[in-house]
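Colleague: Any chance you can model this:
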Amino acid sequence: MNYQIRLDGMFEFPTQTAYKDTILDQFQKGLSYKGTLEEAEYDIDVIPNGENMLCQFFLKAGFEFRSDASTNEAVAEFLEEFEHLGEPVELDYSIQEAVHQILVKEPGKPAEVRTTDAFYLCDLKGLFPGGSSFTMERVSLNKEHTFWMLVDEDGLAKELPLNFLMPMDHAYFPIQKIVGTAVFVRTKPADVWNEEIYDYEVANLPENQAQAIQGIFSEDTQAQLHGKFSDYGKGHVVIEQW
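Modeller: Okay, the predicted model is just below:
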C-alpha cells in the first residue's frame, strides 16, 4: 500500500559546527533519499552542550512511501528510518493512503481523470488490455522526464484502433497517431545518472497539464492535425515468425 505522511517536529543531534548552512546541507543530504512531496520547511537552532554543541532541527515536510504493513506499523517503520537524522524530540504526524490523479484516454471515448494507488509506472499496466502480451512504451513529454504518455509499444502491429493524433517534437514524425489506450501520468523527479532506481515513481498529475492534454483531444485540434497528417501506418507489413 502507498502512504503519504506529513511530519511536524524537532530533531536533536550533536554537531561540531555552529554554521547553520553547513548543518542544513548535511541534514538535506541525509533526507534526500526519502524524497519530499513538496518544498520542506526548516528551522535550526544551535545551543552549547558541555564541550560540544547540540543542534535542534525543526522540520515540516510530507513524504510518500510504500509498505505492506498496517497504518500504525507503517508509521513505525517509516520513523525508524529517520533515526540516522537525529533523535525526534517532538513529533506530530498525519498519515493517509496515497492516491494520484492520472488521465486515461481510450479510443472512441472522452478522456477521463482517474485516481490510482500505483507506486511505479510499471504498476499501471493493469489499465491496458493484453495482459502478458502488452509491452508498455513510455513517451516522455518534457525534458525533465516527469510527464509521460504510456501506450502499447506494439499497438500499430496489433492494428489497435486509432485513438487520437498527437503533435510531437520529432523531426521526421511531427504528428504521430496514437492507437489503443493512452495514459498520461506525472512522476517524481529522479536522477537516473547518479542513483539507482527501480522505476519512476507516480505523482499527482497537475490540473494545468491535464487541461493542456485535453485540449489536444478537441475536435478542432484533431481536425487541424488530420489535415497535416500523412498516415505512415497504412500498408504496413507485419512479418510473423515461421
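Colleague: for the residue sitting nearest the centre point of the chain, what are its contacts?
Modeller: By Cα atoms, centre = their mean, the chain has its centre lying nearest to Thr187, at 1.9 Å. Contact partners of Thr187, counting by Cβ atoms under 8 Å, 6 or more residues apart in numbering, are Leu121, His145, Thr146, Phe147, Trp148, Tyr200, Glu201, Val202, Ala203. Quick note: C-beta positions are derived from backbone N, CA and C, even for glycine.
Colleague: Just grab the bridge partners of the fifth one for me.
Modeller: Residues in a beta bridge with Trp148, per DSSP bridges, are Ser140, Val185.
Colleague: hang on, the earlier thing: ranking the contacts of Thr187 by neighbours, who comes first?
Modeller: If you count neighbours using other Cβ atoms under 10 Å, the busiest of the contacts of Thr187 is Val202, which has 27 neighbours.
Colleague: Would you report the backbone torsion angles of it?
Modeller: Dihedral angles of Val202 (phi, psi; degrees, to the nearest 10) stand at phi -70, psi 140.
Colleague: and it, what does it touch?
Modeller: Listed by Cβ under 8 Å, 6+ apart, the contact set of Val202 reads 100, 102, 116, 118-121, 123-124, 185-188.
Colleague: In the residues you listed, which residue is surrounded by the most others?
Modeller: Val185 (27 neighbours).
Colleague: one step back: pLDDT score for the closest residue to the residue nearest to the centre of the chain other than its chain neighbours?
Modeller: Among residues not flanking Thr187 along the chain, Tyr200 sits closest, at 4.0 Å (Cβ to Cβ, 6 or more residues apart in numbering). You'll see Tyr200 listed with a pLDDT of 92.
Colleague: now Ala212
Modeller: For Ala212, the model assigns a pLDDT of 92.
Colleague: Which positions in the least confident helix or strand in the chain by mean pLDDT come out as buried?
Modeller: Counting by mean pLDDT, DSSP states H and E, the weakest-scoring helix or strand in the chain turns out to be helix 20-31, with a mean of 80. Across helix 20-31, burial judged by 16 or more other Cβ atoms under 10 Å covers Lys20, Ile23, Gln26, Phe27, Leu31.
Colleague: Just to check, the first one is in contact with Val46?
Modeller: Meaning Lys20. Yes: in this structure, Lys20 is within contact of Val46 by Cβ atoms under 8 Å, at 6.9 Å.
Colleague: can you give me the helices for the chain?
Modeller: Here the chain has its helices, by DSSP state H, at 20-31, 71-80, 207-216, 219-228.
Colleague: quick one, which of the ones you listed is nearest to Ala111?
Modeller: helix 207-216 (5.7 Å; Cβ to Cβ).
Colleague: So which other helices or strands are in contact with that closest one?
Modeller: strand 100-105, strand 162-167, strand 182-187 (3 or more Cβ pairs under 8 Å, 6 or more residues apart in numbering; DSSP states H and E).
Colleague: Give me whichever of the ones you listed is most buried.
Modeller: Across these, averaging neighbours per residue (mean count of other Cβ atoms under 10 Å) puts strand 182-187 on top, at a mean of 23.
Colleague: From the chain's centre, how far out is it? Work that out for me.
Modeller: Going by Cα atoms, centre = their mean, to the nearest Å, the spacing between the C-alpha centre of strand 182-187 and its chain's C-alpha centre is 9 Å.
Colleague: cool, stretch 169-182 as well?
Modeller: On Cα atoms, centre = their mean, the centre of stretch 169-182 falls 23 Å from the chain's centre.
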